[in-house]
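Visitor: Everything below, folded, please.
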Amino acid sequence: MDWLNPQLEDHFKSFFLPLAKNRTFPADGRLCRNLHATCKRWRLIFPVHHVCINKDRFEDIESASAVAQAARGIVAFSSGARNECARALTDILKLSIASETLRKVKILEFVLSETLSKDLSNALGALPNLVSLELFRVSDPSGQVLSFLQSNTTVQRLHHEGRTDRERPPLKQLSIALHSASCRIRKLKCIGRFIHPSDLISIADGIASNSSLREIHFRALGADDRSVEHLGKAISSNKNLKKIDVIFHAIKIASLSKFIDGIRKNAPQIESVSIENSPNLDNDDGMVDESVSATSVAQLLQEPNSALRSLSLQSAHFADFTRAFSSTNATLSSLTRLELHGAYLKETEVVALFSVLQRSADRLVELKLSGNSPEQLGCEAISTYLKLNRSLRILHLAGCDLSPSNFETLVAGIEQNAVLDTLYANSNSIGSSGGSAIAEALATKNKTLTCLDLRSNNIRFEAVEPFAKALRDNTTLLHVNLHDNWMTPAGVAILQQARAANPNTRIYFLDIGGCNEIEPDEMSDDSDVSERA
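Guide: Numbering: from 1, shown residues only. From the prediction side, this is the model:
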């Protein structure tokens, strides 16, 4: 502490040390004045990563700028005096134009008038080493804040999010910037519930001609079929894209198939694809519309020399899934991560999926099937796969409505698996028998699981002793979550004692909270719970 001046030492002990882990510091006037004289020294000892500024901390512009110049980023957020905050932030950035370390600016909850938008754009454009700009829930009706990007050659990451779900984000300047030869944006993330189809088409044209883009992330629930098809064509034209992450709503199967076909044409370059096309749930007949053609996905997976490593298809109600994966030569040999979260997969479709996995090379590391209902045949297919597989390390089966018998079938595969280390099976109904099955496997047979999540599974006191034995004997588990089950306080005490009795335990996280004193079958509908307690 010798290097600190006396005025700063008290503030360092009481304030900076708790924040040292995140390296994020609020720039209020008092702290800025104390840091002003020593910020260079401070930077040499412990670099400041981000300076946080909000509406209550804009009083001392000069000192705030001094700290900002020594920082790597500014996080500015406003709630209330928004115009004053925008003006102050603009002034701080203008005084920071000589900074060689300031590389990231994050702006949250701002409402910008046209004048303030132009001034802020000019200030951002003057920063010599700005690499990342993030606009979270920023209202900018004029759209001028992004105008500096037309001639900017330093910004590589851009995140733009409208202030409200119903506000159409102004993206004209972004489209112009993407067409610019000087544009160096590599990662583009644009979120807005009502991104207009014409805006998406305009941005897609920029994507097609841009040579620097590597990642695109769009949440465009307002997109229509034509704009989605246009985006697919743009992706097929851009041979530098590596990652695609898009969220649509109720796009017709034919249009989404054309979008996926655009990705397929660019398969040798693209490494990660995430598509969510949530189906229309407002049908009069109560049926869920099919939203993704499995045939187009199967064709994507058949593409030779594919670089695809991660595929995520969320909230997708597949058409022709079983036929597409049973009658083609589709394999998943290139994938290391597959996510079909909430994909409405039926039992036969799960069986078809795992038949493909079994004939594919062992490269898959993570498989996410949360939100599906595999039922008994599907669980048998998963169990058989686990017995033979030598690559899968992470398996997600949360919210799959697994019954005790379903889960016991899965445990039979886990017992013989030598690589799986993480299992998420929370929010199911495995009960005490399912819990006992996995606990017995952990105590005697499985020595690879390190993370186990069984929250909210209706596991009762009957399973306490098997889990206690696992906690006493297992030496590989690191993270165990049994929260919100019916093990009773007595059961919790037994589990805590079992963990303490294991001298070789490696568990650093054990959550056995949320256990009710009164189990559901002990309560009658007309009883007064407070009286019984």
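Visitor: can you map out the helices along the stretch 151-300 of the chain?
Guide: Under the criterion DSSP state H, counting those that start in this stretch, helices of the stretch 151-300 of the chain are mapped to 172-179, 197-209, 225-237, 253-265, 294-302.
Visitor: Dump these to a markdown table, plus mean neighbour count.
Guide: Just so you know, the C-beta spots here come from the backbone N, C-alpha and C atoms, and that holds for glycine as well. Shown next, in a markdown table, are these (neighbours: other CB atoms under 10 Å):
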| stretch | mean neighbour count |
| --- | --- |
| helix 172-179 | 20 |
| helix 197-209 | 20 |
| helix 225-237 | 22 |
| helix 253-265 | 20 |
| helix 294-302 | 21 |
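Visitor: Relative to Asn152, which of the ones you listed is closest?
Guide: Asn152 lies closest to helix 172-179 among the helices of the stretch 151-300 of the chain, at 7.6 Å (CB to CB).
Visitor: about what we covered before: could I get the helices of the stretch 151-300 of the chain as a markdown table with mean pLDDT?
Guide: Converted to a markdown table, the helices of the stretch 151-300 of the chain look like this (pLDDT from 0 to 100):
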| stretch | mean pLDDT |
| --- | --- |
| helix 172-179 | 88 |
| helix 197-209 | 91 |
| helix 225-237 | 94 |
| helix 253-265 | 91 |
| helix 294-302 | 83 |
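Visitor: As CSV, the ones you listed with distance to Arg157 would be great.
Guide: What follows is those, written out as CSV (distance: least, CB to CB, whole Å):
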stretch, distance to Arg157
helix 172-179, 13
helix 197-209, 16
helix 225-237, 19
helix 253-265, 22
helix 294-302, 27
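Visitor: Would you map the helices across the stretch 1-150 of the chain?
Guide: 6-11, 17-19, 29-36, 39-45, 61-70, 82-94, 114-126.
Visitor: Kindly format the C-alpha coordinates of the last one as PDB.
Guide: The C-alpha coordinates for helix 114-126 follow below in PDB (Å, rounded to 0.1, in the frame of the first residue of the first chain):
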ATOM      1  CA  GLU A 114     -31.300  14.500 -32.700                       C
ATOM      2  CA  THR A 115     -28.800  17.100 -31.500                       C
ATOM      3  CA  LEU A 116     -27.400  14.900 -28.700                       C
ATOM      4  CA  SER A 117     -27.300  12.000 -31.000                       C
ATOM      5  CA  LYS A 118     -25.100  13.800 -33.500                       C
ATOM      6  CA  ASP A 119     -22.800  15.200 -30.800                       C
ATOM      7  CA  LEU A 120     -22.400  11.800 -29.200                       C
ATOM      8  CA  SER A 121     -21.600  10.300 -32.600                       C
ATOM      9  CA  ASN A 122     -18.900  12.900 -33.300                       C
ATOM     10  CA  ALA A 123     -17.400  12.200 -29.800                       C
ATOM     11  CA  LEU A 124     -17.400   8.400 -30.400                       C
ATOM     12  CA  GLY A 125     -15.800   8.900 -33.900                       C
ATOM     13  CA  ALA A 126     -13.000  10.900 -32.400                       C
END
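Visitor: looking only at pLDDT, what's the mean for it?
Guide: Helix 114-126 comes out with an average pLDDT of 91.
Visitor: What are the contacting residues of it?
Guide: Helix 114-126 is contacted by residues 83, 86-87, 89-90, 93-94, 97, 105, 112, 130, 133, 140-148, 151-152 when judged by CB atoms under 8 Å, 6 or more residues apart in numbering.
Visitor: 6 Å instead?
Guide: Ala86, Thr90, Leu93, Lys94, Ile97, Asp140, Ser142, Gln144, Val145, Ser147, Phe148 (CB atoms under 6 Å, 6 or more residues apart in numbering).
Visitor: What's the local residue count around the nearest residue to the last one once chain neighbours are set aside?
Guide: The spatially closest residue to Phe148, leaving aside those adjacent along the chain, is Gly125, at 3.2 Å (CB to CB, 6 or more residues apart in numbering). Applying the criterion other CB atoms under 10 Å, we find 18 residues in the vicinity of Gly125.
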